[in-house]
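[1] Sequence first, then the predicted structure, then my questions.
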Amino acid sequence: MPIAATASLVYSMLFATFAYLLPGYQTFKAVERKSSDDVREWACYWTVLATLYCLQPFIDLLASWLPFYYLAKLGFLLGLWYPSTKWAQYLYARGFSPLVSSYEADIDKLYMDGRTKLADLMGQHASTLKGHSLTLLILPAATSLISLLLRHSFTLQLADLLADLMGQHASTLK
């Protein structure tokens with residue numbers, strides 16, 4: 001495996017561990033202990049992380065050319081995750097909370113309008129969605145199964161049978 005691919009894999013695993021896995025477990029423990037202070041701290045973490053996640057494409061576009069950018073990004077994430085640094089609480093209190101609070105009424109209105117429009121849209125197309133929901137679930141699974149069977153040279157007859165069944169079912173959607 002080339003060095004770049006290995007580095008990318010290691011970075012992705014570390015990022016997932018420190019961004020999601022460990023904080024998720026610590027959030028679980030805080031909720032189970034019913035510690036409102038800990039739950040609040042982790043709620044701040046998840047809010048800041050979600051905000052940074054949404055900004056990440058723009059930040060990456062502007063800064064990814066910098067040397068050691070991804071290492072610095074991982075270091076920042078560690079600081080955000082590590083409870084004694086309180087970086088998440090600081091960013092929440094100094095940045096996120098004041099900004100969102102000043103637009104809270106507008107955000108609530110936008111959210112409720114969007115929710116209402118989505119509910120109307122779902123209501124208008126409920127019967128269509130109900131009819132296709134099984135297909136939407138089965139088609140990818142069957143396609144993956146066929147691919148797996150073909151890749152590993154299992155019985156081609158079973159793969160052909162599944163393909164024929166899926167072809168017949170797919171033609172009823174048109």
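    Received the coordinates, thanks.
[2] Residue 43 and residue 72, how far apart?
    26 Å (CB to CB, to the nearest Å). Placement of C-beta: from N, CA and C, glycine included.
[3] These two - which one has more neighbours?
    Neighbour count, other CB atoms under 10 Å: between residue 43 and residue 72, residue 43 has more, with 15 against 12.
[4] quick one, domains of this structure?
    Per automatic domain parsing, the structural domains of the chain span 3-102, 126-173.
[5] Quick one: distance of the longest one to the chain centre.
    The gap between where domain 3-102 is centred and where its chain is centred comes out at 13 Å by CA atoms, centre = their mean, to the nearest Å.
[6] if you average pLDDT over that domain, what comes out?
    Computed over domain 3-102, the mean pLDDT rounds to 92.
[7] Can you list the residue ranges for helices in the protein?
    Secondary structure of the chain (DSSP state H): helices at 3-16, 22-33, 36-63, 69-81, 87-91, 97-102, 104-124, 126-151, 156-173.
[8] With just CA atoms, put the fifth one into CSV.
    Taking Å, rounded to 0.1, in the frame of the first residue of the first chain, the C-alpha atoms of helix 87-91 are listed here in CSV:
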residue,chain,number,x,y,z
TRP,A,87,-12.2,24.2,23.9
ALA,A,88,-15.6,23.0,22.9
GLN,A,89,-17.3,24.9,25.7
TYR,A,90,-15.2,28.0,24.9
LEU,A,91,-16.1,27.9,21.2
